[in-house]
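Participant: okay, sequence plus prediction incoming.
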Amino acid sequence: MRVLRAERGVSLKQMAEALDISSAYLSALEHGKRGKPTWFMLQRIITYFNVIWDEAEELQRLAELSDPKISIDTAGLSPEATELANRLAAEIRHLEPEDLTHLKNEIARRSAPKR
C-alpha cells in the first residue's frame with residue numbers, strides 16, 4: 001500500500017481522509033503493526049487506487065499475509081515441524097532480511113506441488 005501511495009503521490013493523511021479512517025490506523029496497517037485489513041477495507045483501498053485485476057489480486061494476497069500475530073498449529077505433525085515453528089518464533093527477530101527472503105523462498109520452493 002505504501003508503495004502505491006508513493007507512486008501516486010498521495011500522502012498518508014490524504015488517503016486516510018479519503019477512506020474515512022485515522023492516519024494512525026493507516027500507518028499501522030502499512031507497517032504491519034495491525035492485523036490484516038477487513039475484506040471491506042481492502043475493497044475500499046482497491047477502489048481508492050482504482051487498480052486493475054492483477055494489482056487488486058496482489059493487494060489481496062499481501063493482505064492475507066500481513067497479519068503480524070500468527071499462530072501455527074503443529075498438532076499431529078512431526079516433532080521436526082513443531083521444532084521448526086518454535087525456533088522460527090524464537091529467532092525471527094534476529095534474522096537478517098536476506099536470511100528471511102532465503103527461508104521464505106526455500107519454503108515456497110519445497111512446498112510447491114511436484115510436477
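Facilitator: Arrived safely, thanks for sending. Residues are numbered from 1 along each chain as shown.

Participant: by mean pLDDT, which helix or strand of the chain comes out lowest?
Facilitator: helix 53-64 (a mean of 84; mean pLDDT, DSSP states H and E).

Participant: now that helix: buried residues?
Facilitator: Neighbour counts over helix 53-64 (16 or more other Cβ atoms under 10 Å) mark A56, L59, Q60, A63 as buried. No exception for glycine: its C-beta is placed from N, CA and C like everyone else's.

Participant: and if you look at stretch 38-53?
Facilitator: M41, L42, R44, I45, I46, Y48, F49.

Participant: of the residues you listed, which is the nearest to S22?
Facilitator: The shortest approach to S22 among the buried residues of stretch 38-53 belongs to M41, at 12.5 Å (Cβ to Cβ).

Participant: for the closest one, give its distance to D67.
Facilitator: 14 Å (Cβ to Cβ, to the nearest Å).

Participant: nearest residue to the middle of this protein?
Facilitator: For the chain, the residue nearest the mean C-alpha position is S66 (2.4 Å; Cα atoms, centre = their mean).
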